[in-house]
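Chemist: Make a model of this:
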Amino acid sequence: MFLIGLVIGIAAGFIASQALYNPSQTPAPSPQIAGQTVTITKLDTRTYTVTSTITAGYTQPRWNIKISSTAGYFEANLPVLVAIAKGYFNEEGIKVTFIPVKGGAEARKQLVAGDVDFIAQSPLHAGIAISAGADIRVVVPTYRLSSVGICVSSALKDRVKSVSDLRGMAIGISAFGSLTWAMVNYYAIKSGLDPQRDLTIVEIGSDIAAIVASLQQGKIQAYACWTPVIYELTKRGLAYTLINPLNPEEHRKWIGESSLEAGILTRGDVINKNPELVARVVAAVKKALLYISITPSTDIAKLLLQNEETNQFVGYPEEDLVKIIDMLKPGYNTYGLPDPRSWETGPYVILQKLLPDQFKPVSFEQAVDWRFSGLATSRS
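Modeler: Residues are numbered from 1 along each chain as shown. Below you'll find the model as predicted:
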């Protein structure tokens with residue numbers, strides 16, 4: 001296991017270093033840090049980026065951290081769970097406590113308050129926090145496609161054929177201020193609806209049982225669904241996808257070619273006080289992203305289900321989990337490299353442009369600290 005992890009770590013670092021943004025790089029010394037060789041490349045006069053890592057492994061954790069994420073939001077938290085199960089965090093000297101929450105807004109509040117150290121969520125939350133005066137940044141992206149669509153009760157299939165047909169209906173979201181809330185607003189406004197006047201938006205949470213019950217009881221007629229929810233509702237025949245961003249044509253229609261959908265976020269003070277910890281968290285997540293890209297879904301499912309730490313957070317039997325991972329795989333950011341263009345088609349920017357009175361403009365440079373992950377180029 002150690003050798004496999006070592007090979008994946010070396011490969012991830014090498015590939016990432018080849019794809020880094022290269023504004024006349026100047027080499028700097030490669031120091032020994034706590035038993036680990038770290039190659040540091042000076043990008044300009046103010047930034048340093050870890051471009052490759054060879055981990056010797058730790059017998060005891062140097063850091064104990066908390067990472068929260070919306071339950072079942074595998075676009076963001078599957079790499080975290082894989083990194084836990086594969087021991088990638090352990091290799092970096094980190095003990096992780098994973099905390100599932102009902103929506104991204106709750107995770108964002110936890111991070112801002114200092115109750116957790118990192119969150120696995122949409123970069124939307126960096127934009128919202130920065131707009132409100134907090135210092136939250138994305139340190140590594142995990143998902144490069146928008147995945148939140150709209151599922152509608154199967155009983156309405158003959159009646160609801162476009163978003164505008166939802167006028168006067170109730171649509172569920174995980175939480176107000178979450179990614180699902182943002183995308184409902186976006187889809188509604190783009191379709192000529194006023195979300196506050198023409199829709200009733202209902203906070204349901206992310207638990208699939210609560211979502212199913214709300215649809216069956218008629219509490220809601222639609223739900224802002226992401227990949228595992230799309231899978232579960234359509235499998236049961238309870239809903240159909242009115243907007244399915246997993247379909248490439250629909251993704252291009254509503255979003256574009258790519259989107260900075262999910263990633264690992266932390267506070268500016270964590271970055272400033274402990275950049276080595278941040279670098280090691282990023283290294284572990286990037287190993288997990290590469291592992292996900294090269295490993296069959298069946299093996300990933302078995303890994304998570306057979307690990308005592310991660311099994312409790314999966315929530316699906318193996319057969320279903322394999323199918324969900326298959327659906328998710330095309331969207332993972334294999335090398336964990338942020339692309340400035342994907343911020344412009346990401347949820348915060350598209351929402352801010354539609355609701356400029358509620359949200360301030362936030363740039364890629366403000367929201368994404370890419371010194372630890374590297375930066376995608378047009379060729380990567």
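Chemist: Okay, buried residues for stretch 109-128 please.
Modeler: Buried positions in stretch 109-128, judged by neighbour count with 16 or more other Cβ atoms under 10 Å: 109-112, 116-128. C-beta: built from backbone N, CA, C; applies to glycine.
Chemist: Following element in sequence after the helix or strand containing Glu276, please.
Modeler: Taking DSSP states H and E as the definition, one finds Glu276 inside helix 275-294. Scanning the chain past helix 275-294 towards its C-terminal end, the next helix or strand to appear is helix 297-306 (assignment: DSSP H and E).
Chemist: any idea how far the very next helix or strand once past that following helix is from the chain center?
Modeler: Following helix 297-306 in sequence order, the next helix or strand is helix 308-314 (DSSP H and E). Centroid separation between helix 308-314 and its chain, computed with Cα atoms, centre = their mean, to the nearest Å, is 18 Å.
Chemist: need the next SSE after helix 308-314, C-terminal direction.
Modeler: Sequence-wise, the next helix or strand downstream of helix 308-314 (DSSP H and E) is helix 318-328.
Chemist: Give the other helices and strands that that following helix contacts.
Modeler: Taking 3 or more Cβ pairs under 8 Å, 6 or more residues apart in numbering; DSSP states H and E as the contact definition, the neighbouring helices and strands of helix 318-328 are helix 74-86, helix 227-235, helix 297-306.
Chemist: Could I get the buried residue list for the first one?
Modeler: Spelled out, that is helix 74-86. Neighbour-count burial for helix 74-86, with 16+ other Cβ under 10 Å as criterion, is recorded at 74-86.
Chemist: Take the helices and strands packed on helix 318-328 and write them to CSV, including distance to Met183.
Modeler: Written out in CSV, the entries for those read as follows (distance: least, Cβ to Cβ, whole Å):
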stretch, distance to Met183
helix 74-86, 13
helix 227-235, 13
helix 297-306, 26
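Chemist: Which of those sits closest to Val322?
Modeler: Ranking the helices and strands packed on helix 318-328 by their distance to Val322 (criterion: Cβ to Cβ) puts helix 297-306 first, at 4.7 Å.
Chemist: Now do that closest one: everything it contacts.
Modeler: Outside of helix 297-306, the residues within contact range by Cβ atoms under 8 Å, 6 or more residues apart in numbering are 81-82, 85-86, 291-292, 310-311, 314, 318, 321-323, 325-326, 329.
Chemist: buried subset of those?
Modeler: Among the contacts of helix 297-306, those classed as buried by 16+ other Cβ under 10 Å are 81-82, 85-86, 291-292, 310, 314, 321-323, 325, 329.
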